[in-house]
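J.: Okay, here's the prediction I keep looking at, along with the sequence it came from:
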Amino acid sequence: MLDPNSLLLRQVAKFGVSGVAATIIHLSLVSLLVEVFESNPQVANVFAFSIAFFFSFFMNYYWTFKMAETKEARSALLKRCVRFFLVALVGLGVNIFWVYLCTVVFAKEYYYSYPLIVMLTPVVTFSFSKLFVFKKAQVDRRRI
């Protein structure tokens, strides 16, 4: 049984909240730009993705994984952001795979992929985020 006070469980919950908030920001901005300002939907989507991406990155950086505010951490900020973007691309690739699996392999409608996208893709992106993007720097104990 998972301990409700475990770090991993708290990180998973915060990652989920950050993801839902970023999704709401993304969809709200697209709707606002297209419906109110009559923007091109593709341009609106790229802009909204960018804002939601940075929101998600900083939420996960400061809140979910609580990266330390050290000189070394700040110098690695851009590297972590690039890695986070690569993880977002992996998530996109996984989502494309689910849609392909449902529509081509199983000849079903695209929306059959939604449960896979909602339940499994976040597991992949959380795992990569934790192990690749926000992995804490290892301390050389011999120098302490």
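T.: Nice, thanks for sending it over. Numbers count the residues shown, from 1 in each chain.
J.: what's the domain layout of this protein?
T.: Listed by automatic domain parsing, the domain ranges of the chain are 1-66, 68-136.
J.: I'd like the ones you listed laid out as CSV, including mean pLDDT.
T.: Output for the domains of the chain, formatted as CSV (pLDDT from 0 to 100):
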stretch, mean pLDDT
domain 1-66, 93
domain 68-136, 93
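J.: Could you report the distance from residue 46 to residue 109?
T.: Look at residue 46 and residue 109: by CB to CB, to the nearest Å, they are 27 Å apart. The C-beta positions use only the backbone N, C-alpha and C, and glycine is treated the same way.
J.: where do the helices sit along this protein?
T.: All helices of the chain, identified by DSSP state H, fall at 7-31, 41-59, 71-75, 77-100, 114-119, 121-128.
J.: would a markdown table of the ones you listed with mean neighbour count and distance to residue 134 be doable?
T.: As requested, those are arranged in a markdown table below (neighbours: other CB atoms under 10 Å; distance: least, CB to CB, whole Å):
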| stretch | mean neighbour count | distance to residue 134 |
| --- | --- | --- |
| helix 7-31 | 15 | 9 |
| helix 41-59 | 16 | 10 |
| helix 71-75 | 10 | 10 |
| helix 77-100 | 15 | 7 |
| helix 114-119 | 13 | 22 |
| helix 121-128 | 17 | 10 |
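J.: okay but residue 94 is in contact with residue 118, surely?
T.: No. Taking contacts as CB atoms under 8 Å, residue 94 lies outside contact range of residue 118: 11.9 Å.
J.: The helices of the chain: which one's closest to residue 136?
T.: Minimum separation from residue 136 across those (CB to CB) falls at helix 71-75, 9.6 Å.
J.: which helices and strands does that closest one pack with?
T.: Here helix 71-75 touches no other helix or strand, going by 3 or more CB pairs under 8 Å, 6 or more residues apart in numbering; DSSP states H and E.
J.: Just the C-alphas of it, formatted as PDB.
T.: Extracted as PDB, the C-alpha positions of helix 71-75 are listed here (Å, rounded to 0.1, in the frame of the first residue of the first chain):
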ATOM      1  CA  LYS A  71      23.900  28.600  -8.600                       C
ATOM      2  CA  GLU A  72      24.300  25.200 -10.100                       C
ATOM      3  CA  ALA A  73      20.600  24.600 -10.400                       C
ATOM      4  CA  ARG A  74      20.100  28.000 -12.100                       C
ATOM      5  CA  SER A  75      22.900  27.300 -14.600                       C
END
